[in-house]
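Engineer: how would this look folded up:
(2 chains)
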Amino acid sequence: MDKYQYLIALAVLTFAIGLAGVVIRRNLMVVLMCVEVMLNSVVLAFVVFAARSGDLAGAAMAFFLYIAAACEIAVAMAIVVMLVERRGSLDLAAGYELRG
Amino acid sequence: MSGVLVAVFGVMAVVFALGVVALRQPMRAALALIAHMVSLAAIFACLEVHVVALFQILIYVGAVMVFMVYAIMLLDDRDTSYTHVFSRWSLPAVVVVAVLVVALGAMLAQWTPAAPAAIVRGSAPFSFSAFSTEFMTHYWFHFEVASVLLVIGIVAAWAVIAERR
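Structural biologist: Sure, this is the predicted structure:
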């Protein structure tokens, strides 16, 4: 296994860890952080392929992912604060009242 | 030497990612996430993709995580999610994620990468000057669209804040 295969395996592993966090954690803020872990693993994969091929496309894609992440976090934080004010809780299990 | 550093920072990245999932207090999880991002930036630097390493620190750690830490400080720490950390679906979720990892690992094991591109000695394809020139030559339209996306994000956040009033 060379350095690049190791890093792609690392990206897969951190993506899975982030996905597990999104599913198993109940705190809304921590769930958002786990989404960031997943996004970071995608950036890692793009950068590894860019470094391996010496091509700029992967690095440019990482730059656009940063912009998307900045937008996402700005909107997500506003929604989180609004939800907490309305429901009084960060607990995702408090959303079970949505069941029909 | 670079390979050893990549391995060390890779292990650190996994450990801190596990910390994000496992730590009870969101502030500690946020600090673990910052350490995870710094580890990834170190890996990018080891790969000589310095421009993305700097973006990782400036944008993610400097902007996104500071914003997140401010939001955590605004919220109440007596929430029920602080005492009941994990969902009741934890076990099935971990099983599904383990299956996903095994499947992706099997695909990765069958992957035989082509030989890496020959990078000319002395040329730094990911230096700031090279990146800037190439980026504004080939990706100027995408960059303009991204700026529109940023404006949409600002308007959306503003709309949510207006909804609160």
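Engineer: what residues are up against residue 57?
Structural biologist: No chain in the question, so chain A it is. Neighbour list for A:Ala57: A:Ala50 [criterion: C-beta atoms under 8 Å, 6 or more residues apart in numbering or on different chains]. C-betas here are computed from N, CA, C, even on glycine.
Engineer: My question was about chain B, not that one.
Structural biologist: By C-beta under 8 Å, 6+ apart, the residues touching B:Ile57 are B:37-38, B:41.
Engineer: Check the gap between it and A:Met38 for me.
Structural biologist: 19 Å (C-beta to C-beta, to the nearest Å).
Engineer: just B:Ala35 next, same as before
Structural biologist: With the distance defined as C-beta to C-beta, B:Ala35 ends up 17 Å from A:Met38.
Engineer: what helix or strand does A:Tyr6 sit in?
Structural biologist: When elements are assigned from DSSP states H and E, A:Tyr6 belongs to helix A:3-24.
Engineer: Quick check: buried residues in that helix?
Structural biologist: Buried positions in helix A:3-24, judged by neighbour count with 16 or more other C-beta atoms under 10 Å in any protein chain shown: A:3-5, A:7-24.
Engineer: quick one: that helix near chain B?
Structural biologist: Yes: contact of helix A:3-24 with chain B (C-beta under 8 Å from any C-beta of the partner chain) involves A:3-10, A:12-14, A:16-21, A:23-24.
Engineer: helix, strand or coil for the residue in chain A that chain B sits nearest to?
Structural biologist: Ranked by C-beta to the nearest C-beta, the top residue of chain A for proximity to chain B is A:Cys71, at 3.3 Å. Each residue gets one of three states, and A:Cys71 gets helix by DSSP: H, G, I helix; E, B strand; the rest coil.
Engineer: Provide a list of residues in contact with the residue nearest to it when sequence neighbours are not counted.
Structural biologist: On the basis of C-beta to C-beta, 6 or more residues apart in numbering or on different chains, the spatially nearest residue to A:Cys71 that is not a chain neighbour turns out to be B:Gly153, at 3.3 Å. Under the criterion of C-beta under 8 Å, 6+ apart, the contact list for B:Gly153 reads A:70-72, A:74-75.
Engineer: are any of those residues buried, and which?
Structural biologist: By the neighbour-count criterion of 16+ other C-beta under 10 Å, those include these buried positions: A:70-72, A:74-75.
Engineer: among the residues you listed, which two are most distant?
Structural biologist: With C-beta to C-beta as the measure, no two of the buried ones among the contacts of B:Gly153 lie farther apart than A:Ala70 and A:Val75, at 10.0 Å.
Engineer: how far is the longest helix along chain B from where the chain is centred?
Structural biologist: Taking residue count as the measure and DSSP state H as the definition, the longest helix of chain B comes out as helix B:140-164. Computed by C-alpha atoms, centre = their mean, to the nearest Å, the separation of helix B:140-164 from the middle of its chain amounts to 21 Å.
Engineer: what does stretch A:63-75 give?
Structural biologist: The offset between the C-alpha centroid of stretch A:63-75 and the centroid of the whole chain comes to 11 Å, using C-alpha atoms, centre = their mean.
Engineer: residue ranges with poor pLDDT in chain B?
Structural biologist: Chain B contains residues with pLDDT under 70 at B:113-124, B:164-165.
Engineer: repeat that with 80
Structural biologist: Counting by pLDDT under 80, chain B has low-confidence residues at B:1-2, B:75-85, B:87-89, B:108-128, B:163-165.
Engineer: Alright, calling it a day.
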